[in-house]
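Asker: sequence plus the predicted model coming up.
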2 protein chains.
Amino acid sequence: MPETVLTADGRIAGRRAKATRRRLLDVLTEMLAASPYRDITVIDVTRRAGTSPATFYQYFPDIEAAVLTIAAEMAQGGKQLRPLVEDQPWTGKSGYETARMLVDGFLDFWRHNEAVLRVVDLATIEGDERFHELRVRMLNNVTNALADVIRELQRRGRVAENVRPEAMAGALVGMLAHNAAHQQGFEAWDITLEDLRESMAQLVFWAVSGRRAPK
Amino acid sequence: MPETVLTADGRIAGRRAKATRRRLLDVLTEMLAASPYRDITVIDVTRRAGTSPATFYQYFPDIEAAVLTIAAEMAQGGKQLRPLVEDQPWTGKSGYETARMLVDGFLDFWRHNEAVLRVVDLATIEGDERFHELRVRMLNNVTNALADVIRELQRRGRVAENVRPEAMAGALVGMLAHNAAHQQGFEAWDITLEDLRESMAQLVFWAVSGRRAPK
DNA sequence: TCCGTGACGTGACACTGCGTCAGGTTGGGA
DNA sequence: TCCCAACCTGACGCAGTGTCACGTCACGGA
């Protein structure tokens, strides 16, 4: 679908308009990676894009809205996390390998989209509903898949009765998202990324399979 | 210690000055609870405190600095988390009870200091070093205590060899802090606070004691 | 009691960014 | 070539920031 875009005055954007809009988004993406979100001004974005503030407001009501567009594009990529859980072995040695792959998936995804995810977290904390929803939708995929796996293994008697699949999956995904977002911060504690990775994999594996991680 | 306070021009604040400063902090605390952090302006704070912007800048270089002061006061309260880990039983039924108390400690602390902790997280994500350090120092207490317990139980052969106490403690504290900060968000997933609490306690107990949580 | 002085507070200003018009410019189809 | 819809922007009112120089206050000494 060629995706129709509306301008502030309700016009349908044509070829030229779309190019301008795209340029603004690209410049903004670059700036997001280079400077703190709150320091980015509309005037600055437009200066670098070689246009004027008024033009920016043709396409976005404010900076947040523009970033939300970028974030939505990124969230599509977040769907790649789901298959890391679904249709994978979750028992024995290969089950532990699955857990590690999932952890790596989070660490990698957060590393690759650091700047944008930072803004998503930021806006979510600030109470912005649009970003919050985006975040929830993105994580929902993995959470539900994980809950399904836990529920299935619980049915087979591998996981204890007193575990609530949904809540456990939620707690785990929270841990993964948080620690992936703060992965550089662990170095201050003299904790290597490798050890963090292992610890999270152990927790995930235990919670999902009900067994200790193999050596 | 009566705590000496310096003004912008290097003066030592007297009785009157301290009262003004305190008033500004109190007004700011109220506003923090009522409106999104980013919407709070110096002009607004001073208007409500019945003074002028120039006065604000006598005592704080910017809003962040003022909030940092408030956050530091709160962080003192964060020390109450450490004894929830230290000198507690960590094995058997009472060990599981300890895990639950720790989880409750996090949930309660975050609920009670929601507004300020939100700003701390916010500023940390934005890359503000002052807030980041405050956060690290606050969580360091619990993390280290937890790592000590894990290490001790590992020495006694309860916890598997391939667990790294520091990394595991870090991962757990990250999970606790994150999920405590997002505790209302779980309702959107139809997960009750009670189930979240239980799930986190199970994870903590397993990681620390190396055993399944008792029924 | 009054006064002088240092402590404290503030009015006013220059500056920057926001968001919105009305009007100017551009380029592709007839 | 010309025209006009699509697109862009200059200019402006508004609001907040941060900084002076100056005004006011209250306290201790005579």
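Answerer: Arrived safely.

Asker: quick check: which ranges of chain A have low pLDDT?
Answerer: Within chain A, the segments meeting pLDDT under 70 span A:1-3.

Asker: okay, buried residues for the longest helix along it please.
Answerer: Secondary structure of chain A per DSSP state H: the longest helix is helix A:129-155. By 16 or more other C-beta atoms under 10 Å in any protein chain shown, the buried positions in helix A:129-155 come out as A:131-132, A:134-135, A:138-147, A:149-151, A:153-154. Just so you know, the C-beta spots here come from the backbone N, C-alpha and C atoms, and that holds for glycine as well.

Asker: which strands and helices sit next to it?
Answerer: Here helix A:129-155 touches helix A:63-78, helix A:114-125, helix A:165-181, helix A:193-209, going by 3 or more C-beta pairs under 8 Å, 6 or more residues apart in numbering or on different chains; DSSP states H and E.

Asker: got the angle between the third one and helix A:114-125?
Answerer: It refers to helix A:165-181. Angle of helix A:165-181 versus helix A:114-125, following axes from the mean of the first three to the mean of the last three C-alpha atoms, to 10 degrees, is 130 degrees.

Asker: just how off-centre is helix A:165-181 within its chain?
Answerer: 12 Å (C-alpha atoms, centre = their mean, to the nearest Å).

Asker: OK, now which residue of chain A is nearest to DNA strand D?
Answerer: Closest contact between chain A and DNA strand D, by C-beta to the nearest atom of the strand, is at A:Gly14 (2.6 Å).

Asker: enumerate the residues of chain A near DNA strand C.
Answerer: With C-beta under 7 Å from any atom of the strand as the criterion, chain A meets DNA strand C at residues A:Arg16, A:Thr41, A:Val42, A:Ile43, A:Asp44, A:Pro53, A:Ala54, A:Tyr57, A:Asp62, A:Ile63.

Asker: now for these, which pair is the farthest apart?
Answerer: A:Arg16 and A:Thr41 (24.9 Å; C-beta to C-beta).

Asker: the more surrounded of the two?
Answerer: The neighbour comparison of A:Arg16 against A:Thr41 (other C-beta atoms under 10 Å in any protein chain shown) goes to A:Thr41, with 12 against 8.

Asker: what's the neighbour count on the closest residue to the more buried one other than its chain neighbours?
Answerer: Computed as C-beta to C-beta, 6 or more residues apart in numbering or on different chains, the closest residue to A:Thr41 that is not its neighbour in sequence is A:Ile63, at 7.8 Å. A:Ile63 is flanked by 20 other residues according to other C-beta under 10 Å.

Asker: A:Ala171 now?
Answerer: Using other C-beta under 10 Å, A:Ala171 has 30 neighbouring residues.

Asker: look up how far DNA strand C lies from the nearest residue to it once chain neighbours are set aside.
Answerer: Excluding its sequence neighbours, the residue lying closest to A:Ala171 (C-beta to C-beta, 6+ apart) is B:Ser199, at 4.4 Å. Using C-beta to the nearest atom of the strand, to the nearest Å, B:Ser199 is found at 41 Å from DNA strand C.

Asker: what's near enough to touch B:Ser199?
Answerer: A:Val163, A:Arg164, A:Ala167, A:Met168, A:Gly170, A:Ala171 (C-beta atoms under 8 Å, 6 or more residues apart in numbering or on different chains).

Asker: look up phi and psi at the first one.
Answerer: Dihedral pair for A:Val163: phi -90, psi 130, per degrees, to the nearest 10.

Asker: how near is the residue lying closest to A:Ile150 once chain neighbours are set aside to A:Ile43?
Answerer: Counting by C-beta to C-beta, 6+ apart, A:Pro165 is the residue found nearest to A:Ile150 once chain neighbours are left out, at 4.1 Å. Distance of A:Pro165 to A:Ile43, computed by C-beta to C-beta, to the nearest Å: 50 Å.

Asker: residue numbers of chain A in contact with DNA strand D?
Answerer: So chain A meets DNA strand D at A:7, A:11-20, A:50-55, A:58 (C-beta under 7 Å from any atom of the strand).

Asker: buried only: go through the residues you listed for me.
Answerer: Among those, those buried by neighbour count (16+ other C-beta under 10 Å) are A:Ala13, A:Ala17, A:Thr20, A:Thr51, A:Thr55, A:Gln58.

Asker: helix, strand, or coil at the second one?
Answerer: Put plainly, it is A:Ala17. Using DSSP: H, G, I helix; E, B strand; the rest coil, the structure places A:Ala17 in helix.

Asker: excluding chain neighbours, give the residue nearest to it in space.
Answerer: With C-beta to C-beta, 6+ apart as the criterion, A:Ala17 has its nearest non-adjacent residue at 6.6 Å, and that residue is A:Thr7.

Asker: what do you get for the fourth one?
Answerer: Of all residues not flanking A:Thr51 in the chain, A:Thr20 sits nearest, at 6.7 Å (C-beta to C-beta, 6+ apart).

Asker: so the one you found belongs to a strand, correct?
Answerer: No - counting by three-state DSSP, A:Thr20 falls outside a strand, being helix.

Asker: was I right to think it contacts A:Tyr59?
Answerer: Yes - A:Thr20 is in contact with A:Tyr59 according to C-beta atoms under 8 Å; the separation is 7.4 Å.

Asker: please enumerate the shared neighbours of those two.
Answerer: In contact with both A:Thr20 and A:Tyr59: no residue, using C-beta under 8 Å, 6+ apart.

Asker: related to what we said a few turns ago, check contacts around the residue nearest to A:Thr51.
Answerer: A:Ala49, A:Thr51, A:Thr55, A:Tyr59.

Asker: for A:Thr41, what are phi and psi?
Answerer: phi -110, psi 160.

Asker: over to A:Ile12?
Answerer: Dihedral angles (degrees, to the nearest 10) for A:Ile12: phi -90, psi 120.

Asker: can you tell me which residues contact the closest residue to A:Met175 other than its chain neighbours?
Answerer: Nearest residue to A:Met175, sequence neighbours excluded (C-beta to C-beta, 6+ apart): B:Met175, at 3.5 Å. Neighbouring residues of B:Met175 by C-beta under 8 Å, 6+ apart: A:Ala171, A:Leu172, A:Gly174, A:Met175, A:His178, A:Asn179, B:Met200, B:Leu203.

Asker: nearest to B:Gly92 among those?
Answerer: Minimum distance to B:Gly92 across the contacts of B:Met175 is 17.5 Å, recorded for B:Leu203 (C-beta to C-beta).
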